[in-house]
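Undergrad: Model the following, please.
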Amino acid sequence: MPRREVNLPPVLAKYASRVGYVQQVSEHEWSSSCPSCGGEQHAGGEWPDRCRWFLDGNPPKPRGWCRRCGSIFWPDESKTLAPDELKAWQQEQRKREEARKRSAERALANLRESALWERYHESLRESEQGRGYWRRRGVPQGMQDFWELGWDAEHRFGSHVTATATIPLRAADWQVLNVKHRLVDPGDCGRYRYQLRGQAQPMFLCNPDVPMTNHVIAIEGEIKAMATFAKLDDAKMVMVGLPGTHPSERIIETLAGADRVTLVMDPGAKRDGLRIARKIGLAKVWLLETPVKIDDGIVDLGLEAIDIRRLLRGALRVADFVRK
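TA: Numbering: from 1, shown residues only. You can find the predicted model right below:
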């Protein structure tokens, strides 16, 4: 569904030039990036909503609050809260967050109960168009079935209808955490959309049975990781697909638990790779900026396993050329 920004309420207009991605959530609530800590569009196409703006109460009490950095914003920046007012405000926000978490948990429970990804996979098994799409992306049929990839010939996003290729995203115990749609005809919707909104954006684990403790190869993009893992054909290799260049804190913490991490980034994404490496810990990260997108190299240039292994051996230990 095409999304267009709306305006903040006039009483909060002073913040309009400092935020982006403004959306109206309900009659008295808006969301946006944060005037203090920012926020960019997520890898899956989701808009940042870390800052919430409220115009409720009787009389209305306009204010904003960032769920990430905790900042509070008032039309009058000189406004201060008495201790009892601040305590009441914090309790109100905790209740809101708890309600959001419960809603997200219910949505995930419903997804698992419905096993929607299995229906998408069954649709793929019956669709040569879907099978062909995944083969052209470098994923052979056997791996399509192993990962239970899927296909929806007519998926609706608002008024926009397109075929989508689906990716179940799983935890280490194989529990599904979400389903990601790759839109064949994105229109104005973006290339990727999640089945469930408001959830954490997990990594794609090529083999959830292998613990992420020794050497982890983390590739920018789920489909790139699939094509690479399939071509290398080594079930013992620990390989994951990152949901873009801004992985969550949870993903960073998981990667930081490994002995070594090789980051495989797209051409021109070295700076993003260095930013991720700093968060993981420079001493344990090797960085590879590929000359072409690795899945394009596999599909269009015919890279074989020996070529990919040679590329991976060319990754540089970040601590050897970056000090901080």
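Undergrad: So, low pLDDT: which residues of the stretch 201-324 of the chain?
TA: When residues are selected by pLDDT under 70, those of the stretch 201-324 of the chain lie in 324.
Undergrad: Would you map the helices across it?
TA: Using DSSP state H, counting those that start in this stretch, the helices found in the stretch 201-324 of the chain span residues 222-232, 249-256, 270-280, 294-299, 305-313.
Undergrad: Could you point out which of those sits nearest T164?
TA: Nearest to T164, of all the helices of the stretch 201-324 of the chain, is helix 222-232, at 13.0 Å by Cβ to Cβ. From N, CA and C alone the C-beta is placed, and that goes for glycine too.
Undergrad: which other helices and strands contact that closest one?
TA: Helices and strands touching helix 222-232, by 3 or more Cβ pairs under 8 Å, 6 or more residues apart in numbering; DSSP states H and E, are helix 141-146, strand 160-170, strand 204-205, strand 215-220, strand 238-242, helix 294-299, helix 305-313.
Undergrad: Next, format those as TSV and append distance to Q90 and mean neighbour count.
TA: Shown next, in TSV, are those (distance: least, Cβ to Cβ, whole Å; neighbours: other Cβ atoms under 10 Å):
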stretch	distance to Q90	mean neighbour count
helix 141-146	47	15
strand 160-170	33	21
strand 204-205	37	23
strand 215-220	37	24
strand 238-242	34	24
helix 294-299	46	21
helix 305-313	48	14
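Undergrad: To A319, which of the helices of the stretch 201-324 of the chain lies closest?
TA: Here helix 270-280 is closest among the helices of the stretch 201-324 of the chain (Cβ to Cβ), at 8.9 Å.
Undergrad: Return the set of buried residues in that closest one.
TA: For helix 270-280, burial by neighbour count (16 or more other Cβ atoms under 10 Å) applies to 272-274, 276-277, 279-280.
Undergrad: and the closest residue in space to Q195 that isn't next to it in sequence, how far is that from D152?
TA: Using Cβ to Cβ, 6 or more residues apart in numbering and skipping residues adjacent in sequence, the residue nearest Q195 is V179, 3.9 Å away. Between V179 and D152 the distance is 10 Å, computed by Cβ to Cβ, to the nearest Å.
Undergrad: As JSON lines, the helices and strands packed on helix 222-232 with distance to R50 would be great.
TA: Shown next, in JSON lines, are the helices and strands packed on helix 222-232 (distance: least, Cβ to Cβ, whole Å):
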{"stretch": "helix 141-146", "distance to R50": "36"}
{"stretch": "strand 160-170", "distance to R50": "22"}
{"stretch": "strand 204-205", "distance to R50": "24"}
{"stretch": "strand 215-220", "distance to R50": "23"}
{"stretch": "strand 238-242", "distance to R50": "20"}
{"stretch": "helix 294-299", "distance to R50": "31"}
{"stretch": "helix 305-313", "distance to R50": "35"}
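Undergrad: now for these, which one comes closest to R191?
TA: Closest among the helices and strands packed on helix 222-232, using Cβ to Cβ: strand 160-170, at 10.2 Å.
Undergrad: quick one: pLDDT of R106?
TA: pLDDT, R106: 93.
Undergrad: thinking again about what came up before, please name whichever of the helices and strands packed on helix 222-232 is nearest to D84.
TA: strand 160-170 (43.8 Å).
Undergrad: Can you spell out which helices and strands pack onto the closest one?
TA: Strand 160-170 packs on helix 116-125, helix 128-136, strand 150-157, strand 176-183, strand 204-205, helix 222-232, going by 3+ Cβ pairs under 8 Å, 6+ apart.
Undergrad: low-confidence ranges in the stretch 51-200 of the chain?
TA: In the stretch 51-200 of the chain (pLDDT under 70), the answer is 57-60, 77-81.
Undergrad: let's see 90
TA: Applying pLDDT under 90 to the stretch 51-200 of the chain flags the ranges 52, 54-104, 157-159, 186-191, 197-200.
Undergrad: list the contacts for D56?
TA: D56 sits next to 28-29 when contact means Cβ atoms under 8 Å, 6 or more residues apart in numbering.
Undergrad: one more time with 7 Å, if that's ok
TA: H28 (Cβ atoms under 7 Å, 6 or more residues apart in numbering).
Undergrad: and if you look at D185?
TA: D185 neighbours (Cβ under 7 Å, 6+ apart): T162.
Undergrad: Select, out of the helices and strands packed on helix 222-232, the one closest to G187.
TA: Nearest of the helices and strands packed on helix 222-232 (Cβ to Cβ): strand 160-170, 4.8 Å.
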